Structure formats: structure tokens, C-alpha cells
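**Q** After the sequence you'll find the predicted model.
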Amino acid sequence: MASPDSWMREFNDASKLADEINGMISGRSSLPPSGPETQRHMSATRRKVTILRTKLETLQSLLSKLPNKQSILANKQNLLGPDKKMDDIMRRTEDLDNHGLVSFQRQIMKEQDEGLGKLEETVISTKHIALAVNEELDLHTMLLDNLDQHVDSTNSNLQRVQKKFAVLNKRTKGGCSSLILLVLAVVILIIVTWALIKYL
């Protein structure tokens, strides 16, 4: 399985080769218009252009083999555009000289770099969104834990008051004191509820 490092190595090699070809094309003007030296120079330039074309095909192949976790396969359409057939590429490049071919290949590599840059921005943005959602979930969990503690505390207070009220009710066997205790219990319950609402 291809790794991003191997792709970058191939890309750097292809970029250096493109620079070398560009230098060879520029150096052709210092050679005589014809002759064995010019022929050798042109032949070497053509060989290097062929090697560069092979390297570009290798880069595209490596790009499609990168692991899914890199999300590159999912964004292949954005990175490379629709798959181009060789006929289309040949048609676009048949009228180009060597300098034009190098420029065309550099343009393709530049577009791929821009696509990778956009992909990187998307991944970073998604990471920030995920971190924000995680922080929000942590906050909600903490609030729910606090609410649970307050509910438990209120429940235990209410059970204590009910037990005291039951004991008092047995002792007094009804009457006016039971009514006063009932009102007192309701007031305490209202105060506890108010305190819970205020602090939550």
C-alpha cells in the first residue's frame, strides 16, 4: 500500500526532472541549429520527457493507492478532476513543443498541489469542528452529572422530611399540629425546589 511519503518522494523527483528538462530546453538555444550535438541534446530531452510522463503516471497511480483514512480516494475527483483518457491528453499535447509540454505538466502538478491544499484545509476545518463538538459534549455531561447529584440530594432530603413527618403524625394522631407540620413540609419542599432551580 502506498504511503504519503512515497508519493511526496515521487513528486519531488518529478519536479526536479521537470526543472532539468526546462533547463535543457533553454540550453538548446546555445547549440547549433543542426548537427550531432544538437541531435544528442534533443534525444536526451525527449528521453527525459518520456521519463517525466512515466513519473506523472506513477504519481497518479500512487495517489489512488493511498489508504482510505487519508480521504484522498474520496476526494480524487476534486484533486485530479475527471479521469482523462490518453486520447484527450495526446490531443491537447500534440501541438506543444518541449517547453509547452513541460509547462503543461507543471500546470497539472500545480493543480494537484492546489487540490491537496484544499483537502488539507477541509481536514483541518473538520478537526476543529470535531474538537468543538467534543468540548460541548463534555460540558453537557458535566451539567447532567451536577443535575443528577442535586436530584439525589433533594430526594434524600425529601425522604428525611417524610420520615420525620410520619413519626410526628403517629405521635400527634392528627389534629392541628399535623396541619402545621404539613404546611411546614410543603414550605420546606418549596424552598428546596427553589434552591435547585436557582443553582441549576
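**A** Great, that's in hand.
**Q** element containing D95?
**A** Under the criterion of DSSP states H and E, D95 resides outside all helices and strands.
**Q** ok, it - how many residues close by?
**A** 7 (other C-beta atoms under 10 Å). In short, each C-beta sits where N, CA and C put it, glycine included.
**Q** Please tell me the pLDDT value assigned to it.
**A** D95 is assigned 76 on the pLDDT scale.
**Q** so how far is L147 from T141?
**A** For T141, the distance to L147 equals 11 Å [C-beta to C-beta, to the nearest Å].
**Q** now do L96
**A** According to C-beta to C-beta, L96 stands 71 Å off from L147.
**Q** do the same with I108
**A** On the measure of C-beta to C-beta, I108 and L147 end up 58 Å apart.
**Q** Those two: which has the busier surroundings?
**A** Just comparing I108 and L147: by other C-beta under 10 Å the higher neighbour count belongs to I108, 17 against 12.
**Q** who's in contact with the more buried one?
**A** L56 (C-beta atoms under 8 Å, 6 or more residues apart in numbering).
**Q** Not counting stretch 98-105 itself, show me its contacts.
**A** With C-beta under 8 Å, 6+ apart as the criterion, stretch 98-105 contacts 18, 21-22, 25, 45-46, 49, 52-53, 56, 92-93, 96.
**Q** Return that stretch as CSV; C-alpha atoms alone will do.
**A** Extracted C-alpha coordinates of stretch 98-105, given in CSV (Å, rounded to 0.1, in the frame of the first residue of the first chain):
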residue,chain,number,x,y,z
ASN,A,98,9.1,20.5,-25.4
HIS,A,99,8.8,23.8,-23.4
GLY,A,100,5.0,23.6,-23.8
LEU,A,101,4.9,20.0,-22.6
VAL,A,102,6.9,20.9,-19.5
SER,A,103,4.6,23.9,-18.8
PHE,A,104,1.6,21.7,-19.3
GLN,A,105,2.9,19.1,-16.9
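**Q** how much distance is there from it to the middle of the chain?
**A** Counting by C-alpha atoms, centre = their mean, to the nearest Å, stretch 98-105 is centred 34 Å from the centre of its parent chain.
**Q** And stretch 16-33, by the same measure?
**A** Worked out by C-alpha atoms, centre = their mean, stretch 16-33 lies 41 Å from the chain centre.
**Q** which residues sit against it?
**A** Contact with stretch 16-33 is made by 37-38, 41-42, 44-45, 48-49, 51-52, 55, 98-99, 102, 105-106, 109, as judged by C-beta under 8 Å, 6+ apart.
**Q** Can you flag which of the contacts of stretch 98-105 belong to strands?
**A** Among these, none falls in strands (DSSP state E).
**Q** Just name the closest of the residues you listed to F165, please.
**A** L56 (86.4 Å; C-beta to C-beta).
**Q** wait, doesn't the closest one sit right on A14?
**A** Yes. Counting by C-beta atoms under 8 Å, L56 touches A14, with 6.2 Å between them.
**Q** any common contacting residues for those two?
**A** Common neighbours of L56 and A14 (C-beta under 8 Å, 6+ apart) are M109.
**Q** secondary structure element for the residue nearest in space to the middle of the chain?
**A** Central residue of the chain (C-alpha atoms, centre = their mean): V123, 2.1 Å from the mean position. Element membership for V123, per DSSP H and E: helix 98-172.
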